[in-house]
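>>> Compute the structure for the input listed below.
(one chain, ligands or ions: 2)
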Amino acid sequence: MNIKKLAELLEYEFECHKVFVKVNPCGTIPSGNSEFIVFKIRLKSGTKVKHVNGCMEDIKACLQCSVFELWQIEEQRYLLMSLYPNGDNSLMPILESQAFRETEMQIPVVLGYDIVHKPFLADLAELPHILYGGATGMGKSVALKNLILSAIWKNPSQNVNIVILDIGANDLDIFEGIQHLSHPIVKDEITGVYVAGEIVKEMERRIKLTSNERDELPAIILVIDEIASLLSNIDKKLFQKFSNAMANLLRRGRHAKIHVVIGTQDPTKENLKIASDNITASVAFRCHNHYSSQAIIGQSGAENLQGKGSMLYVSADCPAPVRIQGAYAETEELESAISRVKDSKHDMSNKFVIPEMQSDNPCDFAVTDVILDDTLNKEFAEIIMWTLSQQTVSANKLSNKFHIGNRSKDIICRLCNKNIVSEQNSKQARNVIPNCIDDISDEILEFLSKYGYSGETVSEAISKRIQQK
Ligand SMILES: Nc1ncnc2c1ncn2[C@@H]1O[C@H](COP(=O)(O)OP(=O)(O)O)[C@@H](O)[C@H]1O
Ligand SMILES: [Mg+2]
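Ligands and ions are numbered 1, 2, ... in the order given. Presented below is the predicted three-dimensional model:
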């Protein structure tokens, strides 16, 4: 069908939705194996943009377009359309290309293909931090996987170290075990706060070194997917510690070869403001509305994207949003690429390693500066006392009683380590163990007494339970 006929068809389709517009062909833009067709669109009197937006999805499905988007550039509105498969957006050909092999970028990151199907890369070393935002299912985690793989593809662990926080999801688990990791992939909030603090310490240490000494050290990339789920599940004090650590890393990380990469749905949420204000490079995937787009890239537009990894990218170097189709690799391709990386040679001598958090002893829970937090110990003492008076406890019950969100899972493990509750028995709640004060270790009794619970109160709590039996 020629473009003029297509324009008429579009007018007709809008009219069927009682939306009255004038559509004129404007030209085509090649894109890989296919092309984008561009139309100018004028709203007839009485027609509003929201009416047009309201039927875009419908018409897209009806005409079977792979891309159908409404754009405004200055006063003029355009329709961008592609009738054919959206070209190839594979990640691997870019990583395997000579251009990638020979690039002078220190930490090359493949974002995808621009609208003329040219690979689009950014150097994380220059950015130096990046935010990926957009609604669920639009391509953030895929883009984070691309970022990690591109960063390690030709950089062995003497050049790049990585810390991954993937809490409440498992998209990034595929990288577990690569030599570049400074710590196993972090899956819980408390360890998340701990590792952020350790990276701040390393930053402070590095800033004091001479630039020659620093040049020898690997860059550190802290990747946090769905940062909001971490922030919403920690108490006020930990939140404060974590956001201070993040603000610190974002402000001064560049002087210590430390880079932060954040994935989030919508950074307008109060609790993310701190983080996102300091990031100058960002990618917006399709958003629910123009407010989210505004919050991510400083302007609207991402609400018009089609999803499936299509993005708008802005950075200090390119303030006007660039439309990119995000690259993609199937899981098997990723796995085989990662095993190739694992097989290559790595010199670990300068590697940044974060020691495991020491949490064996509840009093030691606070061993690290970050978690040196008396309120947490006090809370733990309170939880032990309450537990002693219960027949059974579960993470859910704890979380409801003390409003501690997901932390209840860690706490219940600590109760188990201290022989206060039984090991997990399938999905059932755990039994409370001590039947008298002698069943409780001296260490715990001492800990409780430090927080105001005498041996007598402990005995009372236990007998309350025994009597109920
Ligand atoms: N660049 C892309 N190319 C093709 N499909 C994609 C791309 N990015 C995402 N998708 C598809 O969308 C799904 C959800 O993407 P994901 O990155 O997990 O979303 P989010 O993290 O934003 O919730 C993926 O499993 C994949 O099927
Ligand atoms: Mg995700």
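
>>> Would you map the strands across the stretch 251-400 of the chain?
With DSSP state E, counting those that start in this stretch applied, the stretch 251-400 of the chain shows strands at 258-264, 281-284, 310-314, 322-326, 392-393, listed in chain order.

>>> And those strands: which comes nearest residue 450?
With Cβ to Cβ as the measure, strand 392-393 is the member of the strands of the stretch 251-400 of the chain nearest residue 450 (22.4 Å). Heads up, the C-betas are built off the backbone N, CA and C, glycines and all.

>>> which residues touch the residue in the stretch 301-450 of the chain positioned nearest to ligand 2?
Scanning the stretch 301-450 of the chain for the residue nearest ligand 2 gives residue 309, at 11.8 Å (criterion: Cβ to the ion). Going by Cβ atoms under 8 Å, 6 or more residues apart in numbering, residue 309 touches 89, 112, 138, 139, 142, 143, 285, 325, 326, 327, 328.

>>> Can you sort out which of the residues you listed also neighbour ligand 2?
Taking Cβ under 5 Å from the ion as the test, ligand 2 is in contact with none of the contacts of residue 309.

>>> surely residue 219 meets residue 160?
Yes - here residue 219 reaches residue 160: they are 5.3 Å apart, a contact under Cβ atoms under 8 Å.

>>> I figured residue 246 hits residue 260, correct?
Yes - Residue 246 is within contact range of residue 260, at 7.1 Å (criterion: Cβ under 8 Å).

>>> Next one, pLDDT for the most centrally placed residue in the chain please.
Of all residues in the chain, the one closest to the mean position by Cα atoms, centre = their mean is residue 225, 1.5 Å from it. pLDDT, residue 225: 96.

>>> measure it to ligand 2 for me?
Using Cβ to the ion, to the nearest Å, residue 225 is found at 6 Å from ligand 2.

>>> Give the closest residue to that residue in space, chain neighbours not counted.
Spatial nearest neighbour of residue 225, excluding adjacent residues (Cβ to Cβ, 6 or more residues apart in numbering): residue 263 at 4.3 Å.

>>> need the residues of the stretch 201-350 of the chain near ligand 1, please.
By Cβ under 6 Å from any ligand atom, the residues of the stretch 201-350 of the chain that approach ligand 1 are 285, 308, 309, 326, 327, 328.

>>> ok, 5 Å please
Contact residues (Cβ under 5 Å from any ligand atom) of the stretch 201-350 of the chain with ligand 1: 308, 309, 326, 328.

>>> isn't the third one right next to residue 307, touching?
No - the pair residue 326 and residue 307 fails to qualify as a contact (Cβ under 8 Å) at a distance of 10.3 Å.

>>> rewinding a little: now the contacts of residue 309 in a markdown table, with pLDDT?
Shown next, in a markdown table, are these (pLDDT from 0 to 100):
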| residue | pLDDT |
| --- | --- |
| 89 | 90 |
| 112 | 95 |
| 138 | 96 |
| 139 | 96 |
| 142 | 97 |
| 143 | 98 |
| 285 | 96 |
| 325 | 91 |
| 326 | 95 |
| 327 | 96 |
| 328 | 95 |
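
>>> The residues you listed into CSV, with extra columns for neighbour count?
Below are the contacts of residue 309 laid out as CSV (neighbours: other Cβ atoms under 10 Å):
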residue, neighbour count
89, 21
112, 27
138, 26
139, 25
142, 21
143, 27
285, 29
325, 26
326, 25
327, 27
328, 20
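
>>> Go through the residues you listed and flag which are in helices.
Among these, the members found in helices (DSSP state H) are 142, 143.
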